[in-house]
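Asks: sequence below, structure please.
(3 chains)
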Amino acid sequence: MSAVSLHGVDKRFGEVHALDGIELTVDSGEFVSLIGPSGCGKSTLLRVVADLEQPSAGTVAVGGKAPRQARLDQEYGIAFQQAGLLEWRTVTENVELPLHVHGMSKARRRARAAELLELVGLTEFAGSRPSELSGGMQQRVAIARALAPSPRLLLMDEPFGALDEMTRERMQAELLRIARETGAAVLFVTHSIPEAVVLSDRVVVMSPRPGRITDIVGGRRPGGGDPTDDPTDLAPDDIEDVRESGTFFAAITAVREALRKGHG
Amino acid sequence: MTASRVLPPVAFGIAVLAAWEVLVVVAGVPAFLLPAPTAIAAQIGAQFDVLVSTAAVTGGNALVGLVAGFVLGVVLALLAAGSRLVSDVLTPVVLAASAVPIVALAPVFTTMFGSTTEIPRRLVVTLVVVVPVFVSTARGLRQVQPVHAELMSSLAATPWQHARFVRLPGAVPFVMTGLRLAAPAAVIAAVVAEYFGGLQNGLGSRISSAAANTAYARAWAFVAASIALGLLFHLAGLLAERLLTRGRTT
Amino acid sequence: MRSRTPLAAVAGFALLVALWELVKLLVPADGVSVGGTRVLPRTDDAAMPHVWTVLARLGDPEVAGAAAARPVGVAVASGALFTLGLALGGLVLGGLLGVVLALVMHRVGLVERAVLPYVVASQTVPLIAIAPLVAGWGGKIAIAGWAWQPWASVMVISSYLAFFPVAVGMLRGLTSPARADVELFRAMAAGWWTTLVRLRLPAAVPHLLPAVRLAAAAAVVGAIVAEISTGTTGGIGRLIISYAQSATGDPSRMYAAILGAAVLGLVAAAAVGALDVGLRRYRGSVR
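Replies: Down below sits the predicted model:
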């Protein structure tokens, strides 16, 4: 069963045609990036999947369910460009938030939060306040929070957009490791070409006015994502090798050309 | 706190006091215009027990009114946040109240409750306090960061959960700002309300009776006590705000 | 903070009136006392007259039976106008001095460091407490041959209450432009004066307006309290006190005067609101 499937999705905001005839499937465990210039509708597409916007036409299925049901069942976790942590809660309490909202007992959510903080490497900051953390650490807390209900799908809207380049590259490696350890599919919005390429099985290239998919390019694994491939074929430390490999540059060039074509 | 920050105001304060003293003593400024600081200080020493007891009366009125007005202001703001209709009806009344000289209501309350009780002053303080607390709390309850709103709806949170996890805790700094602004205003209202008649046992009454008896230095001693009381309430409000908003950036 | 419809605002004030009448209707005439302390007010006609009685009183002569006396409404209106004049005079005087002090503090860092703590602290202390003391000036001093008038004491008190919020707000406004904007002006080799006129003053407007609004309210309260403690005749404050002294026999007169004071406060706020509209272009967003 696919993690996300979109058929003929249209979205209009009054006169603005934000999404036009979107066809896209994200397989379970697959990492897919959405890339394109501002106003191409990539964030809108993500928000439609998250049931934060209703599509004007077309069908959307998330884990085989209608988006609203998927949201109610916590089928997905979401992270935004801003970490959006509640500053009056400790790091642990922030990670617990989704479980707290859904009525899990205190003992169980404490245990789960400890597990997740271990996963994102912030165990020693469990009792800290968000304001005591760096931007990168805050974003790691936000990712841990998104993972709290063990979703099969992670939605990410430019989560590293506000971070400096060094932190950003470290966070990309972290994210890739986490995605692999949890086996969750990821739908990832970005406007950075190298980021999209280094993270993704497939890079979906979009163009604006109206927002539509112009091309789909294979990411770090040439030839695109085949879900039958062993998802652990790339060890986390290999990501630095990927950044310097020939296929990486080839993929970057392919995405760049697709973007230019979409613009022209 | 570096010397360059502490020194200028301290030096300025001493210079003003010294110039004041010299001006009064040497130039012979009459006492009704401005008594000498040393004369005021002497009165503070002589009247110390009376100063403390009258300050306790005025301070007590300010405190009771502050607590009552704070609770009322927060409750009204919560009601306004919960219903658009309540907000539309309530907000113009509170805004009008902020422009109206509320202390002028002191004689009304005196007529209604009698002149032998502290209730009229406390009511004046309550009304003065309600305004900033309501305005600030209502603003806090309205200002939810978009990212937090989206997060809660992605978590399929109910409206009550949204209030409990985001809106109410998010409004705390605004509530505390309202309290900090209201605390010194409570003292001011408590002192001024006494100018409008009623019991003659607080700082305001003492100032006007001393001035009426041309005991100007004594009147200034009571003014000094009012200022000390105002600063006390201000600092207490500031402390409460700091304590309840620790670890927050906003 | 704008209400959706004026209708809702009218409903708000109507509810206040209804609440008044309801309390009068439901609470016993002598109020409710718990352990000797009256917790609910007396509601007889002497303590809480009907709203319409108060309004009707505005049209009746000030002194019942005296044919030559002016109506209460006229007395209240002229008193309110007199006080409004003093309050606005105090606001302008205090506001200008506040702006000047802010400019000096901004220009000379040492002055800011020496004076600002006092200006900020002054907003938290009952400065108005000295009103009865300024009262003593009346009739006792003369400046350059001009004998000090009681109304001048009122204006002085009004102006110093208006002075402090304006000084603080103006200084905050002058320092509000972003570093990048200030550096842009420096890069263009603009002098202090040019930067002031072209950048800092327009940027100060959004900070100044709320300060002026506060100052106007403070000036009105200051004028009323000052009239009471100086015994200045002619204003609304004095009218409230003199009517209050005969409130047992004629309560609605006092209520009419207090109504006048409330309207006075609203008129002063509206005057500041007009200033607000005039300067809308600079309002922008407060950083």
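Asks: how far does stretch A:184-192 sit from its chain's centre?
Replies: Distance of stretch A:184-192 from the chain centroid (CA atoms, centre = their mean, to the nearest Å) equals 4 Å.
Asks: do it and chain B meet?
Replies: No. Figure legend: stretch A:184-192 not in contact with chain B (CB under 8 Å from any CB of the partner chain); closest approach 13.3 Å. Heads up, the C-betas are built off the backbone N, CA and C, glycines and all.
Asks: residues in contact with residue B:233?
Replies: B:59, B:62, B:66, B:183, B:184, B:186, B:187, C:124 (CB atoms under 8 Å, 6 or more residues apart in numbering or on different chains).
Asks: nope, residue C:76 is what I was after
Replies: Residue C:76 makes contact with C:58, C:236, C:239, C:256, C:257, C:259, C:260, according to CB under 8 Å, 6+ apart.
Asks: got it, and residue B:115?
Replies: B:197, B:198, B:199.
Asks: what about the first one, how many neighbours?
Replies: The burial count assigned to residue B:197 is 17, neighbours taken as other CB atoms under 10 Å in any protein chain shown.
Asks: doesn't residue B:106 make contact with it?
Replies: Yes. Shown here, residue B:197 and residue B:106 form a contact pair, counting by CB atoms under 8 Å, at 7.3 Å.
Asks: how far away is residue C:240 from residue C:255?
Replies: According to CB to CB, to the nearest Å, residue C:240 and residue C:255 sit 10 Å apart.
Asks: look at these two and report which has more neighbours.
Replies: Applying other CB under 10 Å to residue C:240 and residue C:255 shows that residue C:240 carries more neighbours, namely 31 against 24.
Asks: that one against residue B:104, yeah?
Replies: Yes. The pair residue C:240 and residue B:104 qualifies as a contact (CB under 8 Å) at a distance of 5.9 Å.
Asks: give the contact list for the residue lying closest to residue A:109 once chain neighbours are set aside.
Replies: Excluding the flanking residues, the one nearest residue A:109 by CB to CB, 6 or more residues apart in numbering or on different chains is residue A:99, at 4.0 Å. For residue A:99, the contact set (CB under 8 Å, 6+ apart) comprises A:108, A:109, A:112, A:113, A:148, A:149.
Asks: was I right to think the fourth one contacts residue A:100?
Replies: So the one you mean is residue A:113. No. With contact defined as CB under 8 Å, residue A:113 and residue A:100 do not form a contacting pair (9.9 Å).
Asks: strands along chain A, start to end?
Replies: Remark: strands assigned in chain A by DSSP state E are A:2-13, A:16-27, A:31-35, A:57-62, A:76-79, A:153-157, A:185-190, A:202-207, A:212-218.
Asks: and if you look at chain C?
Replies: Under DSSP E, chain C gives strands at C:32-34, C:37-40, C:142-143, C:146-147.
Asks: go through the longest one and flag the buried ones.
Replies: It refers to strand C:37-40. By neighbour count with 16 or more other CB atoms under 10 Å in any protein chain shown, strand C:37-40 contains the buried residues C:38, C:40.
Asks: that older thread, out of the contacts of residue C:76, which sit inside helices?
Replies: The members of the contacts of residue C:76 that map onto helices under DSSP state H are C:236, C:239, C:256, C:257, C:259, C:260.
Asks: any idea how many residues pack against the third one?
Replies: Right, residue C:256. For residue C:256, using other CB under 10 Å, the count is 27.
Asks: and chain A, which residues reach chain B?
Replies: Taking CB under 8 Å from any CB as the criterion, chain A approaches chain B at residues A:50-52, A:71-72, A:74, A:76, A:78, A:80, A:82, A:84, A:86-89, A:97-98, A:100-102, A:129, A:131-132.
Asks: show the buried residues in those.
Replies: Taking 16+ other CB under 10 Å as the criterion, what is buried in the residues of chain A next to chain B is A:50-52, A:71, A:74, A:76, A:78, A:80, A:82, A:84, A:86-89, A:97-98, A:100-102, A:129.
Asks: can the ones in helices among the contacts of residue C:76 go into CSV with extra columns for distance to chain B?
Replies: Listed next are the ones in helices among the contacts of residue C:76 as CSV, based on distance: CB to the nearest CB, whole Å:
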residue, distance to chain B
C:236, 8
C:239, 10
C:256, 12
C:257, 8
C:259, 10
C:260, 9
